[in-house]
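Visitor: could you look at this predicted model? Sequence included:
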Amino acid sequence: GQQLNQSPQSMFIQEGEDVSMNCTSSSIFNTWLWYKQDPGEGPVLLIALYKAGELTSNGRLTAQFGITRKDSFLNISASIPSDVGIYFCAAIYNQGGKLIFGQGTELSVKP
Amino acid sequence: DAGVTQSPTHLIKTRGQQVTLRCSPKSGHDTVSWYQQALGQGPQFIFQYYEEEERQRGNFPDRFSGHQFPNYSSELNVNALLLGDSALYLCASSVKETQYFGPGTRLLVL
């Protein structure tokens, strides 16, 4: 079945460092989404990507929709303590289809 | 503009009981999806409702059922609860592909 492989599983970085995480799949998707989830809360949408090759920024966050439609990455620049949390990639093939999630990347930021 | 809301926030049930969870979508959203998230895992798709019909279903048993009302709000029902049903249940609403999540309902089955 469709599956997203997200890496790394966890990251421990110093405040001010840049972060990069990615998701790959053997299946093609038409929409890629990146969410952040704090403990006990629902995922919060960070960035949505709708076209292959699209590069989109949201403040210090930048994400790209891979040209093959099988992958996406998320970069966070100049990390701060409030960036701590679990980041999930998610993808959907078509409207009305189910959202598939990666396993998550747990980010820890040391002040 | 209120986001997606869910009730209750927490729930404790015993094995064999039945539970109903509720979700109100964002204003203007007509589609509601439900997900189950076990501890340390990504959310798993249960089913999606559009125009009061179940449009797609994930790999969950018939004990999981749902309903969508004319105002687009939705309910998730789980019968004959098992210990393994303990999880965070998330509702997401959308009008096209982009789904926005509520805060979730934490269900504990004892």
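Guide: Thanks, I have the structure now. Residues are numbered from 1 along each chain as shown, chains lettered A, B, ... in the order given.

Visitor: ok, now which ones touch the closest residue to chain B within chain A?
Guide: Evaluated by CB to the nearest CB, chain A has residue A:101 as its residue closest to chain B, separated by 3.4 Å. Glycine gets a C-beta too; all of them are placed from N, C-alpha and C. Counting by CB atoms under 8 Å, 6 or more residues apart in numbering or on different chains, residue A:101 touches A:4, A:88, A:89, A:90, B:42, B:43, B:44.

Visitor: filter these down to the ones in strands?
Guide: Among these, the residues falling in strands (DSSP state E) are A:88, A:89, A:90, B:44.

Visitor: and residue A:34, what element?
Guide: strand A:31-37 (DSSP states H and E).

Visitor: parallel or antiparallel, which strands does that strand pair with?
Guide: Paired neighbours of strand A:31-37 in the sheet (DSSP bridges): strand A:44-49 (antiparallel), strand A:85-92 (antiparallel).

Visitor: how about TSV for the ones you listed, with mean pLDDT and mean neighbour count added?
Guide: As requested, the strands paired with strand A:31-37 are exported to TSV (pLDDT from 0 to 100; neighbours: other CB atoms under 10 Å in any protein chain shown):
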stretch	mean pLDDT	mean neighbour count
strand A:44-49	96	18
strand A:85-92	96	24
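
Visitor: out of these, which gets nearest to residue A:18?
Guide: Smallest distance to residue A:18 across the strands paired with strand A:31-37 (CB to CB): 14.0 Å, for strand A:85-92.

Visitor: average pLDDT for the following helix or strand past that closest one?
Guide: Following strand A:85-92 in sequence order, the next helix or strand is strand A:100-101 (DSSP H and E). Throughout strand A:100-101, pLDDT has a mean value of 94.

Visitor: so how far is strand A:100-101 from its chain's centroid?
Guide: 11 Å (CA atoms, centre = their mean, to the nearest Å).

Visitor: what sits against whatever residue of chain B ends up closest to chain A?
Guide: Relative to chain A, the nearest point of chain B is residue B:42 (3.4 Å; CB to the nearest CB). Counting by CB under 8 Å, 6+ apart, residue B:42 touches A:88, A:90, A:101, A:102, A:103, A:104.

Visitor: can I get the residues you listed in a markdown table including distance to residue B:8?
Guide: What follows is the contacts of residue B:42, written out as a markdown table (distance: CB to CB, whole Å):
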| residue | distance to residue B:8 |
| --- | --- |
| A:88 | 24 |
| A:90 | 26 |
| A:101 | 24 |
| A:102 | 29 |
| A:103 | 28 |
| A:104 | 25 |
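
Visitor: OK, contacts around residue A:108?
Guide: Residue A:108 makes contacts with A:10, A:11, A:12, A:13, A:84, as judged by CB under 8 Å, 6+ apart.

Visitor: not counting its neighbours along the chain, what's nearest residue A:20?
Guide: When the adjacent residues along the chain are set aside, residue A:20 lies closest to residue A:75, with 5.0 Å between them (CB to CB, 6 or more residues apart in numbering or on different chains).
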